[in-house]
Every structure is written in C-alpha cells, then in structure tokens.
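Student: How does the following fold in three dimensions:
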Amino acid sequence: MRLGILSFLCLLLCSRGLSHAEELRVAVEVRAEALGESDRTRYETLQRQLSDLFNRTHWTDLAYQDEERIEATFTLILLERKGERDYTAEVVVSARRPVYHSDYQTTTLLVRERGISFSYLAGDQLTYRETELEHSLVALVAYYALYLIATDLDSFSPLGGSLLQPRLSTLLSTAASRADWQGWSSSERGLSRYRRVSRFLSSEEEVYRKCWYRYHRLGLDRMADAPEEARKVILDVLRELSSFAKGHFLSPSLSELESAKLPEIVELFARAPQQVRQQVLELLESLFPTASTRLQPLR
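Tutor: So this is what the prediction gives:
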C-alpha cells in the first residue's frame, strides 16, 4: 500500500540515482473501430508508445515500490482520420487507489475528454522532456500522468499533490504557447486542461483538495475499523463541499467529484438511518442538481 511512502512526502529523494519503480501502472488501449480500417499496425504501434510513455517515465522524484504504483486506464478512441496523420479522438481516463484495511479500490479520477485533435505518423517519437515538449500527444499524456499522481497524493496527505504544481505549471505554460495544440487555451470553453491545471494551481481550491484528503484518509481509510466515525467525517466533508460549491459552482473539481465519487457516496449511505440519508440527499442535491435519478437509493 502507498501509505508507506506517502507518509513521508516531504522526504523526497535527493539522488535520482537510487533505484525505484515508476509511479504508474496504466493499461492503455487505442480503439480505431470508427475508422473502419482493417490494418491496425499503426494503432498497435501507437498503443505501445503511449503505454511506454505512461509506464516507463519517472514523473516525480518520489520513491515508489512496484506494488505501490498507481493503477489507471487510458483509452484513446480514434473517431476520424484526415490524410495520413491528422486525427480527431476522445479519451477516457480512470485511476484508483486502495482503501486501507480492505480489498476495495476507490476511484480517484474518471474523465471523458472529447474533441481532441492531434497529428501522428507511425515513427513519431513520443518522449517526455519537461521543458521541451515536441508532440501534442506527449503533452496530453504528461497532463494525465501528473494530474492523476497529484490527485492520488492529495488523497493520502493534505495538499500532498502540491509537489506536482511546478511541473504542472511548466506543462501548462509550454503547451499553452503552442497555438496549434487544442485543449490548452484559456479561451476554450468547457472543462479544458487549461482550466483543470489552473484550478489545481489556485490557492482558492485548496479547500476542495483538503476535503479530498479528509474524505479518503479520514473517511474511507477508517471505514473498516470505525465505520460510524468514518461516515461522520464524510458527512462533514459533504457539508464543507456544499459551502465551497456556492462560491465555485463552475469549478471543474465538482464535475470530477461527481464522476468519480457520486456512486460511492450513495452506496456508503444507502442503508444509513433515514435522518442521515436525508441530510446526505440534500447535500448531494445541492452539489449535483442534475443527478436526481442516481440519488434514488437515498430517498
């Protein structure tokens, strides 16, 4: 379990020569059914390159053991190809972490990003260099790699993911300087990568990130040993998040929270006393006003 290394977030490795595993174990899939092509060779090559990029890159200076690597999936769905190298696509990304004293894995990220465009030709080099990004696919992978590690760290230590802020900031400024790279502009509508990274770098969102820590470390991780106290922590977290949402209703954090956590929260309280269920129901309705159907088990 990652609690061993993450209890010592401030003790970063001073020497990069020390041997340690990469941070991620990402299952990568490239789907090309929509293109209607029988030759999958180029897409198998792309899938292997993306897998190597995720799983063979050291994204931080933290020491991860092999069994502590973060489990995730990354599915690139190719929707259209123009010419030899221009694609439109979408991605589905999920990550999870273990819950202490249980065999349960909780989702820490679940994102579907649409409207992706990129250029790729078999033989393109997909290599991550922090300050010299040369390919939009590398920037996309770097974003999700750094972001899901930061989210994972935040779940184990208050603001633990702040260790990734300098690298996320560098990534944002480098990628945003490329006018031809979609998803990085401050003027783009929707939950762009620019907005997500800017949110994570903002001190205003530290309230949310501290709630994220309490939900996981003081709530879920104590559920096996002290379920009533753990549910009380989670209920308090929902109250604080409801207050946070009133002033930050456009925060991408709330959309990510709904995707990753809503089914879990409903399950946690579905068999609670009626009074508690009602409190949770009202809080979730205020946080996610369009989720009425999914809240039915709490009624």
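
Student: Break the protein down into its domains, please.
Tutor: 3-10+19-201, 208-298 (automatic domain parsing).

Student: mind listing the strands in this structure by residue range?
Tutor: Ranges of strands in the chain, per DSSP state E, are 24-31, 70-82, 86-98, 105-119.

Student: any chance of these in a markdown table, with mean pLDDT, distance to Arg222 and mean neighbour count too?
Tutor: C-beta: built from backbone N, CA, C; applies to glycine. Converted to a markdown table, those look like this (pLDDT from 0 to 100; distance: least, CB to CB, whole Å; neighbours: other CB atoms under 10 Å):
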| stretch | mean pLDDT | distance to Arg222 | mean neighbour count |
| --- | --- | --- | --- |
| strand 24-31 | 97 | 26 | 19 |
| strand 70-82 | 97 | 21 | 18 |
| strand 86-98 | 97 | 14 | 19 |
| strand 105-119 | 95 | 13 | 17 |
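
Student: would you turn the ones you listed into JSON lines with distance to Ala63?
Tutor: Converted to JSON lines, the strands of the chain look like this (distance: least, CB to CB, whole Å):
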{"stretch": "strand 24-31", "distance to Ala63": "14"}
{"stretch": "strand 70-82", "distance to Ala63": "14"}
{"stretch": "strand 86-98", "distance to Ala63": "17"}
{"stretch": "strand 105-119", "distance to Ala63": "20"}
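
Student: Specify the stretch among the ones you listed that is closest to Tyr215.
Tutor: strand 105-119 (9.3 Å; CB to CB).

Student: Do I have it right that Gln47 meets Val28?
Tutor: Yes: in this structure, Gln47 is within contact of Val28 by CB atoms under 8 Å, at 5.7 Å.

Student: Mutual contacts of those two, please.
Tutor: Leu76 (CB atoms under 8 Å, 6 or more residues apart in numbering).

Student: Quick one: residues contacting the residue nearest to Glu264 when sequence neighbours are not counted.
Tutor: Closest residue in space to Glu264, ignoring its immediate chain neighbours: Thr106 at 6.5 Å, by CB to CB, 6 or more residues apart in numbering. Thr106 makes contact with Arg96, Arg97, Pro98, Val99, His216, Leu220, Glu264, according to CB under 8 Å, 6+ apart.

Student: Distance of Thr106 relative to Gly219?
Tutor: 10 Å (CB to CB, to the nearest Å).

Student: Could the C-alpha coordinates of stretch 93-106 be exported in CSV?
Tutor: Extracted in CSV, the C-alpha atoms of stretch 93-106 (Å, rounded to 0.1, in the frame of the first residue of the first chain):
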residue,chain,number,x,y,z
VAL,A,93,-9.1,8.0,-18.2
SER,A,94,-9.7,6.4,-14.8
ALA,A,95,-7.5,5.9,-11.8
ARG,A,96,-8.0,4.2,-8.4
ARG,A,97,-6.3,3.7,-5.1
PRO,A,98,-6.6,1.0,-2.4
VAL,A,99,-8.6,1.6,0.8
TYR,A,100,-6.8,0.8,4.0
HIS,A,101,-7.6,-2.5,5.7
SER,A,102,-9.8,-3.7,2.8
ASP,A,103,-9.6,-5.1,-0.7
TYR,A,104,-11.7,-2.2,-2.0
GLN,A,105,-10.3,0.1,-4.7
THR,A,106,-11.8,3.6,-4.8
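
Student: Helices of the stretch 101-250 of the chain, residue ranges please.
Tutor: Using DSSP state H, counting those that start in this stretch, the helices of the stretch 101-250 of the chain run over residues 136-156, 165-176, 193-201, 206-213, 227-247.

Student: Most tightly packed of those helices?
Tutor: Sort the helices of the stretch 101-250 of the chain by mean neighbour count, taking mean count of other CB atoms under 10 Å, and helix 136-156 sits at the top with a mean of 24.

Student: orientation of that helix relative to strand 70-82 in degrees?
Tutor: Going by axes from the mean of the first three to the mean of the last three CA atoms, to 10 degrees, helix 136-156 is angled at 150 degrees with respect to strand 70-82.

Student: now helix 136-156, how far from the chain's geometric center?
Tutor: 6 Å (CA atoms, centre = their mean, to the nearest Å).
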